[in-house]
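1. I would like to see how this sequence folds:
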Amino acid sequence: MEDEKIVALYWQRSEDAIRETAKKYEAYLTKIARNILSDPEDCGECVNDTYLAAWNSMPEHRPGVLSTYLGKITRQISIDRFRKRNSAKRRGSEYALSLDELEDTFADGETPEQALDAKLLDAAIDGFVRSLPEEARRVFIGRYYFFDSVKTVAGYCGISEAKAKSILYRARLKLREHLEKEGFIL
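-> Numbers count the residues shown, from 1 in each chain. Have a look, this model is predicted:
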């Protein structure tokens with residue numbers, strides 16, 4: 001079913017909206033949750049919470065791209081659950097690994113979670129990502145937004161794992177340089 005029809009079902013408050021959303025996007029949303037949580041039970045709960053959040057927010061919002069809208073909800077719900085369950089210690093998920101990689105970019109004592117929440121930093125990072133060449137942008141977003149493994153990112157970008165690691169390393173160095181030029185003390 002087309003996204004516009006699914007959104008219309010939400011606006012009509014039809015339970016078919018959730019059924020059609022699950023049919024079309026469950027695998028995509030589960031992948032996002034799995035990359036952050038690494039626990040199938042938690043992933044399923046986050047995906048179900050996504051459907052509820054979409055149901056509750058749809059009357060006020062009419063998303064232009066349903067997959068992006070749902071993916072953003074799933075990502076935030078999964079990150080919140082990850083933080084809640086792992087506030088004392090991070091587990092070995094792709095989310096934790098990608099945050100560990102970014103830690104060297106930010107100031108000592110400041111976690112990536114705290115830094116990324118700041119609006120000015122968010123805008124600076126967004127500007128940096130937009131300035132990257134397409135291949136580097138896809139690799140960077142795949143790793144640090146979708147939290148895909150380096151191997152997975154390399155696969156869908158059609159490059160070797162070594163090249164993906166190299167691109168990410170150079171991008172992190174450039175990000176640090178970009179943030180310093182923008183006035184952030186790292």
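
2. Next, count neighbours for Glu177.
-> By other CB atoms under 10 Å, 12 other residues sit near Glu177. Heads up, the C-betas are built off the backbone N, CA and C, glycines and all.

3. Which positions within the helix or strand in which it is found qualify as buried?
-> Counting by DSSP states H and E, the element that carries Glu177 is helix 161-181. Buried residues in helix 161-181, counted by 16 or more other CB atoms under 10 Å: 164-165, 167-168, 171-172, 175-176, 178-179.

4. In JSON lines: those, plus pLDDT.
-> JSON lines is the format used below for the buried residues of helix 161-181 (pLDDT from 0 to 100):
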{"residue": "Ala164", "pLDDT": "96"}
{"residue": "Lys165", "pLDDT": "96"}
{"residue": "Ile167", "pLDDT": "96"}
{"residue": "Leu168", "pLDDT": "96"}
{"residue": "Ala171", "pLDDT": "95"}
{"residue": "Arg172", "pLDDT": "94"}
{"residue": "Leu175", "pLDDT": "93"}
{"residue": "Arg176", "pLDDT": "91"}
{"residue": "His178", "pLDDT": "89"}
{"residue": "Leu179", "pLDDT": "86"}
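
5. Would you check the distance separating the helix holding Glu177 from the middle of the chain?
-> 18 Å (CA atoms, centre = their mean, to the nearest Å).

6. before we move on, what about stretch 144-155?
-> With CA atoms, centre = their mean, you get 11 Å for stretch 144-155.

7. Same question for it: list its buried residues.
-> Here stretch 144-155 shows 144, 146-150, 152-154 as buried, counting by 16+ other CB under 10 Å.

8. so how many other residues sit close to Ile159?
-> For Ile159, the neighbour count with other CB under 10 Å is 16.

9. got the phi/psi numbers for it?
-> Ile159 adopts backbone torsions of phi -130, psi 170, taken as degrees, to the nearest 10.

10. Repeat that for Tyr145.
-> Torsion angles, degrees, to the nearest 10, at Tyr145: phi -110, psi -50.

11. Now it: closest residue in space, sequence neighbours ignored.
-> Spatially, and ignoring its direct neighbours in sequence, Tyr145 is nearest to Arg75 (7.8 Å; CB to CB, 6 or more residues apart in numbering).

12. Which one of the buried residues of helix 161-181 is nearest to Glu26?
-> Ala164 (27.4 Å; CB to CB).

13. Contact partners for the closest one?
-> 139, 143, 150, 153-154, 157 (CB atoms under 8 Å, 6 or more residues apart in numbering).

14. Would you check how far apart it and Glu101 are?
-> Note on Ala164: its distance to Glu101, by CB to CB, to the nearest Å, is 12 Å.
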